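Colleague: Just a sequence and a predicted model for now, questions to come.
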Amino acid sequence: MTEAAATKLDVVLFPWLAFGHMIPYLELAKRLAARGHAVTFLSTPRNLARLPPVPAHLSPRLRLVALPAPAVEGLPEGAESTADVPPEKNELIKKAADGLVAPFAAFLSDAVAGGRRRPDWVVHDFCHHAIPPIAEAHGVPCAAFLIVQAATIAFLGPRWAHAAHPRAAPEDFAVTPEWCRPSLPPAVAYRRHEAGWAVGAFRPNASGVSDMDRTWEIIERTRFTIYRSCEEMEPGVFALVTDLFRKPTIPAGVLLKPEPDLADSGGESSRSGARSEVVQWLDSQPPKSVIYVALGSEAPLTANNLHELALGLELAGVRFLWAFRKPSGMSSAPGTGAAGELLPTGFEQRTRGHGLVWSVWVPQVAVLAHAAVGAFLTHCGWGSTIESLVFGRPMVMLPFVVDQGLIARTMLERGVGVEVARDESDGSFGRDGVAAAVQRVMVEEEGKVFTSNAEKMREVLGDQRRQDQYVDELVRCLVRYKDDNC
């Protein structure tokens, strides 16, 4: 028995108020609980109610604890995550996260009161910059768990690098920073139309704090930083980030099983029957003939984007399954479905023989695992990128915000897909560009190369023994650094 295996930990996990963060945190919680450690998962009541249920065999060691959601001026009642608001109100969700500081302090005080066992760790997300001082006052060390690719944090850089090489204009982010060379290829940079997000990340938002100040604070004040990633996805990058931030950088693996557990993939989908209908439609399609289209829940799509994407899929002439989500701020006509009048007139009728637009929840992992799916048209969120590669699906990439552009460039370097052609200045795209990108991956001879490269990634990311080793090494770090500051 190793020291890590013999030591049982008590760990508190506290993610950012977005389901793209909460789900990986819950996956990490399950893996820790499965190894015999006690785990407390913190969020607000409505968020916890919408998470997949904890498997019965883990429930004795994994408890979900609700912190009262604070009222924030400008947020609608019941808005407790980024899924509840349009993208422009995400800054107010950060303000709500700051409002959880007092409930967290009360939770931690209660946890250490009366001679009970003190938690060994608080593992928290980028937004919770006020948590380390509170944990320190109670004698509990903190680690940061960032669910982004490590290359993005290297690109944005540590505080000292930004001070030495300040960047304030979009063009500053359109090149790979010198502190990342040669570890990151020159192509890994923002396009000009994407760089506005990076500029904004260094400026205070409605919460009063910039995203980068939050990130710097948590990395600097925690003992080490964990990433939802692995060496196979980002070779050499963890050593770079460790050097840049002068703190240990620990990959936790991709936190995704290569075989989807359909019985544990989410509540409302199975109750509505959406899963079975979508999978039954895929069952009737030839192997690797369908491109799955999903752009996440928060992509800032315009009506023109939707029309050009739809017409591009029609021009490409391939089978498709589109997980359609109505963009925030748009409304469909009364009595229509969620796609309704938002798609070109007659589009669904013209493509009915080979396409399916599905407006209800889609079990993405199960879809990507299905033999009928040959590629994924994606916004390149890190979670979706991981899911695509775990199942060996090449990508047609259409990034929009945050780190998605950097992820797309990284995947281009890995040869696992293509980007839809965009206007460099405003990011607009047209149906011809969509059709050309889809055909390159799904129809043309070049697509075999993308598929082969993606399947090679599947072989290494699907190695569950190797992925388990990443979690085991993380546990060893939690044991090693529990009493020793880094």
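Modeller: Right, received. Where do you want to start?

Colleague: contact partners of the helix or strand containing residue 280?
Modeller: For residue 280, the enclosing helix or strand under DSSP states H and E is helix 274-283. With contacts defined as Cβ atoms under 8 Å, 6 or more residues apart in numbering, helix 274-283 is touched by 262, 265, 269, 290, 321, 356, 358, 360-363, 366-367, 370, 372-373. (C-beta placed from N, C-alpha, C; glycine too.)

Colleague: what about 7 Å?
Modeller: 269, 290, 321, 356, 358, 360-363, 366-367, 370, 372-373 (Cβ atoms under 7 Å, 6 or more residues apart in numbering).

Colleague: Tell me, how many residues neighbour residue 163?
Modeller: 9 (other Cβ atoms under 10 Å).

Colleague: Repeat that for the one 10 residues further on.
Modeller: Burial measure for residue 173: 26 neighbouring residues, criterion other Cβ under 10 Å.

Colleague: repeat for residue 196
Modeller: 14.

Colleague: Equivalent analysis for residue 51, please.
Modeller: Count around residue 51 with other Cβ under 10 Å applied: 17.

Colleague: Check residue 186 too.
Modeller: 12.

Colleague: Same question for residue 312.
Modeller: Residue 312: 24 neighbours (other Cβ under 10 Å).

Colleague: how about the nearest residue to it, chain neighbours excluded?
Modeller: With sequence-adjacent residues excluded and distances taken as Cβ to Cβ, 6 or more residues apart in numbering, residue 312 is closest to residue 434, at 2.4 Å.

Colleague: Give me the distance between that neighbour and residue 467.
Modeller: Here residue 434 is placed at a distance of 34 Å from residue 467 (Cβ to Cβ, to the nearest Å).

Colleague: ok, back up a step: please list only the buried members of the contacts of helix 274-283.
Modeller: Buried by 16 or more other Cβ atoms under 10 Å: 269, 290, 321, 356, 358, 360-363, 366-367, 370, 372-373, out of these.

Colleague: Redo those residues as TSV? Include pLDDT, distance to residue 26 and secondary structure.
Modeller: Listed next are the buried ones among the contacts of helix 274-283 as TSV, based on pLDDT from 0 to 100; distance: Cβ to Cβ, whole Å; DSSP: H, G, I helix; E, B strand; the rest coil:
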residue	pLDDT	distance to residue 26	secondary structure
269	41	16	helix
290	98	29	strand
321	97	26	strand
356	95	29	strand
358	92	25	strand
360	86	22	coil
361	84	17	coil
362	90	19	coil
363	91	16	coil
366	93	18	helix
367	95	20	helix
370	95	24	coil
372	97	28	coil
373	98	25	strand
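
Colleague: Out of those, flag the one nearest to residue 314.
Modeller: Checking the buried ones among the contacts of helix 274-283 against residue 314 by Cβ to Cβ gives residue 356 as the nearest, at 13.3 Å.

Colleague: so that closest one makes contact with residue 321?
Modeller: Yes. In this structure, residue 356 is within contact of residue 321 by Cβ atoms under 7 Å, at 5.1 Å.

Colleague: what about whatever helix or strand residue 307 lives in, average pLDDT?
Modeller: Under the criterion of DSSP H and E, residue 307 resides in helix 303-316. Averaging the model's pLDDT scores along helix 303-316 yields 96.

Colleague: Just the CA atoms of that helix, as PDB, please.
Modeller: This file holds the C-alpha atoms of helix 303-316, laid out as PDB (Å, rounded to 0.1, in the frame of the first residue of the first chain):
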ATOM      1  CA  ALA A 303     -29.800  35.000 -36.500                       C
ATOM      2  CA  ASN A 304     -27.500  35.200 -39.500                       C
ATOM      3  CA  ASN A 305     -25.100  32.700 -37.900                       C
ATOM      4  CA  LEU A 306     -27.900  30.200 -37.600                       C
ATOM      5  CA  HIS A 307     -29.000  30.700 -41.200                       C
ATOM      6  CA  GLU A 308     -25.500  30.400 -42.600                       C
ATOM      7  CA  LEU A 309     -24.800  27.300 -40.500                       C
ATOM      8  CA  ALA A 310     -28.000  25.600 -41.500                       C
ATOM      9  CA  LEU A 311     -27.600  26.400 -45.200                       C
ATOM     10  CA  GLY A 312     -24.000  25.300 -45.000                       C
ATOM     11  CA  LEU A 313     -25.000  21.900 -43.600                       C
ATOM     12  CA  GLU A 314     -27.600  21.700 -46.400                       C
ATOM     13  CA  LEU A 315     -24.900  22.500 -49.100                       C
ATOM     14  CA  ALA A 316     -22.500  19.900 -47.600                       C
END
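
Colleague: and that helix, what other elements does it pack with?
Modeller: In terms of contacts (3 or more Cβ pairs under 7 Å, 6 or more residues apart in numbering; DSSP states H and E), helix 303-316 is packed against helix 347-350, helix 431-442.

Colleague: Same list as before, those helices that is, but in TSV and with mean pLDDT, distance to residue 144 and mean neighbour count included.
Modeller: TSV is the format used below for the helices and strands packed on helix 303-316 (pLDDT from 0 to 100; distance: least, Cβ to Cβ, whole Å; neighbours: other Cβ atoms under 10 Å):
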stretch	mean pLDDT	distance to residue 144	mean neighbour count
helix 347-350	93	44	14
helix 431-442	98	36	21
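
Colleague: now those helices in TSV, with distance to residue 32?
Modeller: Formatted as TSV, the helices and strands packed on helix 303-316 follow (distance: least, Cβ to Cβ, whole Å):
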stretch	distance to residue 32
helix 347-350	45
helix 431-442	37
